[in-house]
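# Need a 3D model of the following:
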Amino acid sequence: MEKAEILVVDDDKEIREMLKELFEAEGYRVATASTAMEGVKMIETDLQRFNVVVSDIMMPGISGLEFLKEIKKITKYIEVILMTGYSTMELAIDCLDQGAFSYLEKPLDQIETILDRVKMAVEYQRHKREIVFKAFQTKKKKAKDVSRVVM
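Numbers count the residues shown, from 1 in each chain. Okay, here's the model as predicted:
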């Protein structure tokens, strides 16, 4: 199975680099962006490239929550994990309501937690793609069977 690719988006260079190193040590391919708009462009360039996006919420320009909404407009197949150092219950609920796979609080002192969430998001995302692929194959086969009967 091909290695999963993660896009890390955070305006804090130290956090981007720390997460990049952490995920690469676990065998993931990792790309980084310093703004949500840069992340949107990367996703739009290749809709199949990323399995998971890990993004900060509080960033200049568009926020991580707006970034999540943009991603979900572009594709439903990328799972998004949002992180923030300014956590409130309302923000957590809003993120999950908007389609975030998970919501984490900074500082990210529980490395195993973020690794577990990323692993779960990758597995879930792959499972969703597999279901869609199987449904497409079934639909294609049925269409082929119908065309044989009609002819």
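
# All the strands of this structure, in order from the start?
5-9, 29-33, 52-56, 79-84, 102-105 (DSSP state E).

# Please name the nearest non-neighbouring residue to residue 98.
Setting aside the residues directly before and after it, residue 98 is nearest to residue 68 in space (CB to CB, 6 or more residues apart in numbering), at 5.4 Å. In short, each C-beta sits where N, CA and C put it, glycine included.

# same thing with residue 59?
residue 11 (4.6 Å).

# partner residues bridging residue 7?
In this entry, residue 7 is beta-bridged to residue 31, residue 53, by DSSP bridges.

# Just the pLDDT for it.
The predicted structure scores residue 7 at 98 on the pLDDT scale.

# and the residue lying closest to residue 26 once chain neighbours are set aside, how many neighbours?
Spatial nearest neighbour of residue 26, excluding adjacent residues (CB to CB, 6+ apart): residue 115 at 6.2 Å. The local packing of residue 115 (other CB atoms under 10 Å) involves 15 other residues.

# Check which residues of stretch 109-121 are buried.
For stretch 109-121, burial by neighbour count (16 or more other CB atoms under 10 Å) applies to 114, 117-118, 121.

# Good, wrapping up.
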